[in-house]
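Q: Here is a sequence with its predicted model. Questions after.
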Amino acid sequence: MKEYLDFWKEATLILTLNVEPYCLCVDLAKVNLNIHFKEKFENNKGGFDEYWNFLNIYTPIYENFPKVTKENFEKALPFLCIK
């Protein structure tokens, strides 16, 4: 994540979920390393993962990408085996 913040600050991170709202967007320009990074921890495979909290800076995908309407997105969910 740090590399994204250093080199691709203009990018949008898209978080996908298997529950509604299914896709959330985080504008990396709004991410503050000192606020949103919470901790680094060892995972069960012996590697390291990071915990970030994007509360209050994420938006539904429809707000960032107007062509992805809620109606069209809902129609696509069955093809993704989500609904």
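A: Looks like it came in fine. Numbers count the residues shown, from 1 in each chain.
Q: Spatially central, which residue of the protein would that be?
A: What sits nearest the mean C-alpha location of the chain, by C-alpha atoms, centre = their mean, is Leu15, with 2.7 Å.
Q: Any idea what that one is bridged to?
A: Leu24 (DSSP bridges).
Q: State whether it and Pro21 are indeed in contact, as I suppose.
A: No - the pair Leu15 and Pro21 does not pass the contact test of C-beta atoms under 8 Å, sitting 9.8 Å apart. For the C-beta atoms, the positions are set from N, CA and C on the backbone; glycine is no exception.
Q: residue ranges with poor pLDDT in the chain?
A: Counting by pLDDT under 70, the chain shows low-confidence ranges at 82-83.
Q: Report the outermost residue of it with respect to its centre.
A: Farthest-out residue of the chain from its mean C-alpha position, per C-alpha atoms, centre = their mean: Gly46, at 24.3 Å.
Q: tally of neighbours for the residue nearest to Phe41 when sequence neighbours are not counted?
A: Nearest residue to Phe41, sequence neighbours excluded (C-beta to C-beta, 6 or more residues apart in numbering): Asp49, at 6.0 Å. Residues near Asp49, counting by other C-beta atoms under 10 Å, number 11.
Q: do Lys45 as well
A: By the criterion of other C-beta under 10 Å, Lys45 has 7 neighbours.
Q: What about it? Give its phi and psi, please.
A: phi -100, psi 10 (degrees, to the nearest 10).
Q: now it: how far from Phe65?
A: According to C-beta to C-beta, to the nearest Å, Lys45 stands 33 Å off from Phe65.
Q: So the residue lying closest to Thr12 once chain neighbours are set aside versus Pro60, what's the distance?
A: With sequence-adjacent residues excluded and distances taken as C-beta to C-beta, 6+ apart, Thr12 is closest to Cys25, at 5.2 Å. Separation of Cys25 from Pro60 (C-beta to C-beta) stands at 7 Å.
Q: Neighbour count: these two, which is higher?
A: Using other C-beta under 10 Å as the criterion, Cys25 and Pro60 rank with Cys25 on top: 19 against 16.
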